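Enquirer: quick one, structure for this:
(chains A and B)
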2 protein chains.
Amino acid sequence: MSSPVPPTALQLQSLVTTDQTVQLSLAEIEIAEPGPGDVVVRVEAAPINPSDLGLLLAGADVTAAVATGSADRPVVMAPLPDAAMRAMQSRVGVPLPVGNEGAGTVVAAGTSQAAQALLGKTVAAAGGAMYSQYRRVDVGLCLELPAGVAAVDGASSFVNPMTALGMVETMRLENHSALVHTAAASNLGQMLNRLCIAEQVPLVNVVRRQEQEDLLRAAGATYVCNSASPAFMDTLTAAIRATGATIGFDATGGGRLASQILTCMEAAANAGATSYSRYGSAVHKQVYIYGSLDRGPTELTRNYGMAWGIGGWLLTPFLQKIGMDGVARLRSKVTAGLTTTFASTYTDQVSLAGALQLDAIAAYARQATGTKYLIRPDL
Amino acid sequence: MSSPVPPTALQLQSLVTTDQTVQLSLAEIEIAEPGPGDVVVRVEAAPINPSDLGLLLAGADVTAAVATGSADRPVVMAPLPDAAMRAMQSRVGVPLPVGNEGAGTVVAAGTSQAAQALLGKTVAAAGGAMYSQYRRVDVGLCLELPAGVAAVDGASSFVNPMTALGMVETMRLENHSALVHTAAASNLGQMLNRLCIAEQVPLVNVVRRQEQEDLLRAAGATYVCNSASPAFMDTLTAAIRATGATIGFDATGGGRLASQILTCMEAAANAGATSYSRYGSAVHKQVYIYGSLDRGPTELTRNYGMAWGIGGWLLTPFLQKIGMDGVARLRSKVTAGLTTTFASTYTDQVSLAGALQLDAIAAYARQATGTKYLIRPDL
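Expert: Okay, the predicted model is just below:
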């Protein structure tokens, strides 16, 4: 132990209570001594990703949230709708730490060579429970940041970069050569746009508003389709035909967008057909749903023949599928592009207590395009 | 040429006209001389499968069908709804023969050894255009029926048997060990039930009515769930838990049934879980839609985590995937079980002209469970 690690530290916790409420608060937890293969990270930056919100908010109605507690130790309570409560049964009464990823300084290390090598270094870690002042974590979950890269710049080095890379990798593994992405002006979407430009992968960006289209075009996007436009289906079909995209990644989940993408893929596939095929085109059309911005049902019109698939896509099983070598290959791409292709930007930086202010919660819970909060537990 | 083949023969044809109507009639076509690898089959039996109806009826409103022509040469006209007409654009003005499969006697053969070997034999053929008195067909599409098996017994030896086998094979290829089937009292469903009993594959049958449940139980089915029952979701979950089914084949397509199957698979997977998993169970849950008894949209509630998929399933691409060896292996199973596991029963047998009677069309277009017509072009 080479650096002072306090015996306790604050950790943001989310608790679903029996009275159908989620309670967010800061708990004082003990920092355990690192085992041989562990390090203790002083967390200096951890993003609030869309993938953190389900665990954090538990599907609560945050518009009805109320704040109690003190300025240093705020406590927020928000009611859960019936459906959310049913889905959360197994976590009732169990306070859960939150925060998939973050970055900070290694202030203590176990006895192993790998752990000792990180002492004093700035690392990113994807170990969960990162909304904490200090976090003991397995050294295997740490990524040493290149010299000169600050914790703030490395805080989002896992979830979004690996997701963007995972989409392109999935596209290749499943024998497609171009892809469609929805909610394409999100932080992830902008990253995917940069990645596809860098790797010369044709990308069809689907957005909902003109300013999102402008943003992506300014960032070099060739194909941007606005789903609010009356010409949406035609422009999407044309873009799919131009790129040959037969796989899509949809962040919205609910509604008709996934089905519309398949419809346009089928129209593009049939655009050159001269004869009637009663089962539709033979080309396989795939959409993966990886988010749930719209929690409503997904509606499939099935007017795209029989060669189609829809399914859930999640980063962790994908990484298990490609194995350690595959993960290492993608991680090295992230490291090389941390401040370029894989850079994230934040709307606001807040302390742990600041993350529990009602106005902050309202802002990040909305998941509006471009809104991204960074928690700074060291503030 | 060893047997008299008439120069022309009657063939049932389906024509979509520019005035948004489907016209069904019997055309007199020439029977071409067989090439070296061809045979000419006098068709004696050909089933009307659900998979034939799309091509035959073109999505027309058969309740508004009108009959003209003579008793020997009926002509039926039925109007197409706008959506059907849009989907049929590429077949407007092109008379199409119908009938995926059938059986009959080889009355002429080309010069090749394989063709000559079939002369005089009773064969099943899956070559399309089988609603014809005579059909020239590539010998590779023929299956010689075992001695003593009549054409009527071999008429349905391809589509349903290979589909049932294809479902079980897909289950195994994708690492599942039990399956769910909807519209399970259909001819295909009853066949799948017999096949699963024979191969000791746990099968969960989903039906809509009590008499369908009774029928399957009488045929030895262990798990039958009635979707019209208030306890449907509970009984389906229990059956899935008991069998470990994580793949389903859905004939209905529209509505919520596919999604309900996934919901129950997830509930079964989580039934033993002790800790909260925010992304749902890790076990992959798959439903393939292979029919469209309900042409409406498919609605997915997505309350089954992220490890799920839905897609179209079609026999031909599946057979291409398993290759010639795989097909030969399945075909030999069919041959061995033609009058047992893979036997079909028919509601009625009709001539080519009889298949164009309005009451017959109304009956087979309804696709009611157990209603299956056999066309006998030799009558």
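
Enquirer: so what does the least confident helix or strand in chain A by mean pLDDT touch, helix or strand wise?
Expert: Least confident element among the helices and strands of chain A, by mean pLDDT, DSSP states H and E: helix A:82-87 (a mean of 83). Packing contacts for helix A:82-87, counted by 3 or more CB pairs under 8 Å, 6 or more residues apart in numbering or on different chains; DSSP states H and E, involve no helix or strand. For glycine as for every other residue, the C-beta is placed from the backbone atoms N, C-alpha and C.

Enquirer: CA atoms only: put that helix into PDB for me.
Expert: Extracted in PDB, the C-alpha atoms of helix A:82-87 (Å, rounded to 0.1, in the frame of the first residue of the first chain):
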ATOM      1  CA  ASP A  82     -46.600  -1.400 -11.500                       C
ATOM      2  CA  ALA A  83     -44.900  -2.900 -14.500                       C
ATOM      3  CA  ALA A  84     -41.500  -1.700 -13.400                       C
ATOM      4  CA  MET A  85     -42.100  -3.000  -9.900                       C
ATOM      5  CA  ARG A  86     -43.000  -6.400 -11.200                       C
ATOM      6  CA  ALA A  87     -39.800  -6.500 -13.200                       C
END
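
Enquirer: tell me the helix or strand right after that helix.
Expert: Remark: after helix A:82-87, the chain's next helix or strand is strand A:96-97, criterion DSSP states H and E.

Enquirer: in its sheet, what does the next helix or strand after that following strand sit against?
Expert: Per DSSP H and E, strand A:96-97 leads on to strand A:102-109 as the next helix or strand towards the C-terminus. Here strand A:102-109 has these sheet partners by DSSP bridges: strand A:38-47 (antiparallel), strand A:122-125 (antiparallel).

Enquirer: make CSV out of the ones you listed and add mean neighbour count, mean pLDDT and distance to B:Thr335.
Expert: Formatted as CSV, the strands paired with strand A:102-109 follow (neighbours: other CB atoms under 10 Å in any protein chain shown; pLDDT from 0 to 100; distance: least, CB to CB, whole Å):
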stretch, mean neighbour count, mean pLDDT, distance to B:Thr335
strand A:38-47, 26, 97, 62
strand A:122-125, 26, 96, 61
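
Enquirer: distance to A:Tyr373 added to the ones you listed, as JSON lines?
Expert: As requested, these are exported to JSON lines (distance: least, CB to CB, whole Å):
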{"stretch": "strand A:38-47", "distance to A:Tyr373": "7"}
{"stretch": "strand A:122-125", "distance to A:Tyr373": "17"}
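
Enquirer: so A:Gln11 sits against A:Leu24, correct?
Expert: No: with contacts counted by CB atoms under 8 Å, A:Gln11 stays clear of A:Leu24, the gap being 11.6 Å.

Enquirer: give me the common contacts of the two.
Expert: Residues touching both A:Gln11 and A:Leu24 by CB atoms under 8 Å, 6 or more residues apart in numbering or on different chains: none at all.

Enquirer: need the contact list for A:Gln349.
Expert: Counting by CB under 8 Å, 6+ apart, A:Gln349 touches A:Ala45, A:Val152, A:Tyr373, A:Leu374, A:Ile375, A:Arg376, A:Leu379.

Enquirer: among those residues, which ones are buried?
Expert: Buried by 16 or more other CB atoms under 10 Å in any protein chain shown: A:Ala45, A:Val152, A:Tyr373, A:Leu374, A:Ile375, A:Arg376, out of the contacts of A:Gln349.

Enquirer: skipping its backbone neighbours, what lies nearest the last one in space?
Expert: Counting by CB to CB, 6 or more residues apart in numbering or on different chains, A:Gln349 is the residue found nearest to A:Arg376 once chain neighbours are left out, at 5.2 Å.

Enquirer: partner strands of the helix or strand that neighbour falls within, parallel or antiparallel?
Expert: In this assignment (DSSP H and E), A:Gln349 forms part of strand A:348-350. For strand A:348-350, the paired strands and their directions (DSSP bridges) are strand A:373-375 (parallel).

Enquirer: ok, residues contacting the strand it pairs with?
Expert: Applying CB under 8 Å, 6+ apart, the contact partners of strand A:373-375 are A:12, A:45-48, A:99, A:102, A:131, A:152, A:155, A:346-352, A:354-355, A:360, A:363-364.

Enquirer: next one: stretch A:251-263
Expert: With CB under 8 Å, 6+ apart as the contact definition, stretch A:251-263 has outside contacts at A:50, A:180-183, A:186, A:188-189, A:206, A:227, A:232-233, A:236, A:240, A:248, A:250, A:285, A:287, A:289-304, A:308, A:310, B:297, B:302.

Enquirer: and the helix or strand encompassing A:Ile240, how far out from the chain middle?
Expert: Per DSSP H and E, A:Ile240 falls inside helix A:232-243. Centre-to-centre, helix A:232-243 and its host chain are 27 Å apart (CA atoms, centre = their mean, to the nearest Å).

Enquirer: and if you look at stretch A:155-170?
Expert: Put simply, stretch A:155-170 sits 8 Å off its chain's centre (CA atoms, centre = their mean).

Enquirer: so which bits of that stretch are buried?
Expert: Using 16+ other CB under 10 Å as the test for burial, stretch A:155-170 gives A:155-170.

Enquirer: send the alpha carbons of that stretch over as CSV?
Expert: C-alpha atoms of stretch A:155-170 as CSV (Å, rounded to 0.1, in the frame of the first residue of the first chain):
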residue,chain,number,x,y,z
ALA,A,155,-13.9,7.6,-18.4
SER,A,156,-16.0,6.4,-21.4
SER,A,157,-13.4,4.1,-22.9
PHE,A,158,-15.3,0.9,-22.6
VAL,A,159,-19.1,0.9,-23.1
ASN,A,160,-19.5,3.2,-26.1
PRO,A,161,-16.2,2.4,-27.9
MET,A,162,-16.7,-1.4,-27.5
THR,A,163,-20.3,-1.1,-28.5
ALA,A,164,-19.5,0.8,-31.7
LEU,A,165,-16.7,-1.6,-32.5
GLY,A,166,-19.0,-4.5,-31.6
MET,A,167,-21.6,-3.3,-34.1
VAL,A,168,-19.0,-3.2,-36.9
GLU,A,169,-17.5,-6.5,-35.8
THR,A,170,-21.0,-8.1,-35.7
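
Enquirer: is it positioned near chain B?
Expert: No: figure legend: stretch A:155-170 not in contact with chain B (CB under 8 Å from any CB of the partner chain); closest approach 12.6 Å.

Enquirer: just the mean pLDDT for that stretch, thanks.
Expert: For stretch A:155-170, the mean per-residue pLDDT is 96.
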